[in-house]
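J.: The following block contains a protein sequence and its predicted model.
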Amino acid sequence: MLSVEELLKRRKIPYSDEQQARIKKAYRFAQEAHQGQKRASGDDYFLHCVEAAKTLVQMGLGSITVSAALLHDVYEDTEVSLEEIRKEFGKDIAFIVEGVSKLSKVQLKGSDDDYYLNNLQKMFLAMAADIRVILIKLADRLHNMQTLSALPREKQQRIAKETMEIFVPIANRLGIGEIKGQLEDLCFKYLDSRNYQYVVDLRKKTHPLKEKYVEEVIKTLKKKLKEEDIDFLDVHGRVKHYYSLFNKLQRYDNDIEKIYDLVAVRIVVPKVVDCYEALGVVHKNFRPLIGRIKDYISLPKPNGYKSIHTTIFAPQGKIVEVQIRTEKMHDEAEYGIAAHWIYDQSKNTGWKDFIFRDKHKPKVPNEEIGWVKQLKEWHRQSGGGTDEFWKSLKIDFFQNHIFVFTPNGDVVELPEGATPIDFAYKIHSDVGHRTSGVKVNGKMSALDTILENGDLVEVITIKNKKLPSRDWLNFVKTAQAKDRIKHILRKNGVEVV
Ligand code: MN
C-alpha cells in the first residue's frame, strides 16, 4: 500500500503545505476508521481508498477531492458519521463524501431498463451537484474493476455490465480518455473473455512498441525536430487499448495489418503553433497517406479531443499514425474535465501557469462543460423525474455528437442525426418557434435534413410567426427541441401526445 508521502509524490505539480496537511489528515483518519476491515480479495479495505485517491492524484486533482476520495467509504462502511466528517474536514469534503455514498445505494429491483435509468439518473444528479463526486466514483469503480476477480462470477458480470453501460460513457463524455480506456478493457475481459484473450494474444504477437520501425520513426523525428529548431517536450509511442483495437479489427476484416494506429507516435509540443510546424517536419521526412490528415485542433472531436493526426509510411513498408498535440491537449485527452480544472483558462501555456482552485467553492470550471449547467437547467425546466426525460437525456447525452457552424462561425454541438430544427432550438427557443426555412451550406434545405459534421447552418425566421409546427415532433432528435415545442403548443391549446 502506498504511504501518504508516496501518494503525494504522484502529482506532477507538488501540493502546497496546506494541501499536504489536509491529505495527510484524511489518510490517517480513513486508515483508522477502516482498521481491521478487509476486501473480498483479502486486502486491507483501506488499500481501496488509497488506490482510488492515487488515480485522482495522478490526474492532478486537488486536496479536497483527494481527501474526499480517501474518505469516500468511511461514512458508508464505518461508524463515522457525516457530522464528524464535516467537523473534521469541512462542509465541501462532507458534501462530496455524502454524494459518493448516495450513489452507491442502487436499487436492484425492477426491470433492467428501470435499473439502468435509475442509475443514470443518480449519476446525473450527482454530477450536476458537484462534478467531483463523479470523478471519485470513476476512480472508485476503476479500482473495483481492477479487483473484480475476487468476486463471484455473477457479481462480476453485473458490475462489468453496469460499468460498460454507465461509467464508460460518462468517462468518455467527460473526456477522461485514460480512465475510459482502462475501464473498457477491464469490462471487455469479463464480458467477452474469448475475444479479449484473442486480442491480447494478437497484440502480444506483434509487440508493436518493440518493433524497429517505430523506434526508427521516433529517433528520426526527434533528430529532425531538433535540426529544424522546433520546440518539443516529448516524442513517444503508445499502443492502442484492447477494446478499441477489437472494435477496429471488426471493421477491418480482422486484419491487423490494416490497423494503422495500433501503435501511434505522439509528439508533444509546448504551443499550438508548434503543432503545425511539427506536422511539416513529419511530412518532410515521411510520406503521408492521402486523406488521413485530421486536424482536430481547428475542429475538435465531440468530446473536446484536440490533436493533429496524420498517417505516414514508416520504414519497412509499415504504416504508422502520428499524433501531434500540446502538453495541455495531452493532459486534457487523458484527464478530461479534471485537466480543465487545473489549467488557467486565460493562459494556455501549460502546467507552469496553473492556478489551483482548490480553496474555492466548487464551481463548475468553465463553459467547456457548459453541458453540466445545461443539464441542471433543463432538468429544472422539465420538472425532471419523468421517464421520458431520462430516456431522451440518454439519447442527447451519450449519442455521438457533431459540430455545425452558425453563419458567424460559432460552433454548435448536436447529437448525430439532428436536424436544422434541433439546431434552431439549441440557439434559442424563440429562434426555434419562428423558424420557417433553412439553408445548409448555402443551399435551401428541408427542415428535416439530417445535419452533418461541419455543416454551415443558417436558419430563416419569420418575425410574427408564433407557433412551431406539430409535425416537427416527428423528426426532431434532441429532447430540448421536443420539450420546447410541446411546451409552447400545449400552452396555446394545441393538443400534443
Ligand atoms: Mn469504494
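T.: It's in.

J.: give me the element the closest residue to residue 164 other than its chain neighbours is part of.
T.: Nearest non-adjacent residue to residue 164, counting by CB to CB, 6 or more residues apart in numbering: residue 187, 4.3 Å away. Where you see a C-beta, it was placed from the backbone N, CA and C, and this is true even at glycine. Assessed by DSSP states H and E, residue 187 sits inside helix 177-191.

J.: still on that earlier bit, ok, now how distant is the residue nearest to residue 164 from the ion?
T.: 18 Å (CB to the ion, to the nearest Å).

J.: burial measure for that residue, as a count.
T.: 23 (other CB atoms under 10 Å).

J.: How about residue 497?
T.: Neighbour tally, residue 497, other CB under 10 Å: 5.

J.: again with residue 205
T.: 9.

J.: And the residue of this protein that's closest to the ion?
T.: residue 140 (4.1 Å; CB to the ion).

J.: gap between that residue and residue 100?
T.: 7 Å (CB to CB, to the nearest Å).

J.: Same question for residue 475.
T.: Going from residue 475 to residue 100 by CB to CB gives 40 Å.

J.: same check, this time on residue 280
T.: Computed as CB to CB, the residue 280 to residue 100 distance reads 48 Å.

J.: These two - which one has more neighbours?
T.: Under the criterion of other CB under 10 Å, the comparison of residue 280 against residue 100 puts residue 100 first, with 26 against 11.

J.: before we move on, what SS does the residue lying closest to that one once chain neighbours are set aside have?
T.: Distances taken as CB to CB, 6+ apart place residue 72 nearest to residue 100, at 4.7 Å, with adjacent residues excluded. Assigned by DSSP: H, G, I helix; E, B strand; the rest coil, the conformation of residue 72 is coil.

J.: Show the pLDDT at residue 72.
T.: Per-residue confidence (pLDDT) for residue 72: 96.

J.: quick one on the thing from earlier: my guess is the residue of the chain closest to the ion contacts residue 52, does it?
T.: Yes - Residue 140 lies in contact with residue 52 (CB atoms under 8 Å); the separation is 4.8 Å.

J.: Wait, a helix at residue 225?
T.: Yes - counting by three-state DSSP, one finds residue 225 located in a helix.

J.: for it, what are its contacts?
T.: 232, 235, 267, 278, 281 (CB atoms under 8 Å, 6 or more residues apart in numbering).

J.: Could I have the ChimeraX command that selects the buried members from those residues?
T.: Buried residues among the contacts of residue 225 (16 or more other CB atoms under 10 Å), as a ChimeraX selection:
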select :232,235,267,278,281
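
J.: Which ones among the contacts of residue 225 map onto helices?
T.: 278, 281 (DSSP state H).

J.: For the contacts of residue 225, give me JSON lines that also has distance to residue 81 and pLDDT.
T.: As requested, these are exported to JSON lines (distance: CB to CB, whole Å; pLDDT from 0 to 100):
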{"residue": "232", "distance to residue 81": "52", "pLDDT": "94"}
{"residue": "235", "distance to residue 81": "52", "pLDDT": "95"}
{"residue": "267", "distance to residue 81": "52", "pLDDT": "97"}
{"residue": "278", "distance to residue 81": "55", "pLDDT": "97"}
{"residue": "281", "distance to residue 81": "60", "pLDDT": "96"}
